[in-house]
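# structure here, sequence nowhere to be found:
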């Protein structure tokens, strides 16, 4: 377990966008909140789920991922979509990136990032999806000659498009 406390999703617009996606997914499955809670391995009450869906309460990353998994959702995709919906500032966001997708991307501006991704995959081929902290996104953007926001949008946009193509 890390010494660092779990991150919480705190921006109100982002909380609302995430809550909307979770509620919509639950309703599309035809589940009540109690049915969702029964699928979770952690002790959470239906009322707590309601506070997440209504953006009244902050949700830890661990619980967010557990809820997404119970609903059959890809947590990074839900978060990326919520960021776009909320128009959140990418300068403060962590993003999930599939290094294999970066290596396959042929955008000339992303060549420095492709080299970095290849190195990461060589070091740890069993972890192709990495979480990029804002500081690293800023550094990679500088090497690519892009703004931090532009690189963030390119790598998260590519991830979202890839998820939509999956069966």
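Cool, the structure landed. These figures come from a predicted structure and were not determined experimentally. Numbering: from 1, shown residues only.
# just give the closest residue to the spatially most central residue of the chain, not the sequence neighbours.
Note on the chain: the residue nearest the mean C-alpha position is residue 76, at 2.7 Å, using CA atoms, centre = their mean. Nearest in space to residue 76, with sequence neighbours left out and distances taken as CB to CB, 6 or more residues apart in numbering, is residue 96 at 3.5 Å. Any C-beta I mention is one placed from the backbone N, CA and C, and that applies to glycine too.
# thinking that neighbour is in contact with residue 80, fair?
Yes. Using CB atoms under 8 Å, residue 96 is in contact with residue 80, at 7.4 Å.
# ok, these two, which is more surrounded?
residue 80 (22 against 17; other CB atoms under 10 Å).
# now do that one, the pLDDT please.
Predicted confidence (pLDDT) for residue 80: 84.
# distance check, it against residue 145.
23 Å (CB to CB, to the nearest Å).
# same question, residue 94
Residue 94 sits 23 Å away from residue 145 when distances are taken as CB to CB.
# partner residues bridging the residue nearest to residue 76?
Beta bridges link residue 96 to residue 131, judged by DSSP bridges.
# contacts only, for the closest residue to residue 110 other than its chain neighbours.
Leaving aside its sequence neighbours, residue 110 sits nearest to residue 144 (CB to CB, 6+ apart; 5.9 Å). In this structure, residue 144 makes contact with 109-113, 151, judged by CB atoms under 8 Å, 6 or more residues apart in numbering.
# mind listing residues that contact stretch 125-140?
Outside stretch 125-140, the residues within contact range by CB under 8 Å, 6+ apart are 76, 90-100, 112-113, 116, 120-121, 148, 151-152, 155.
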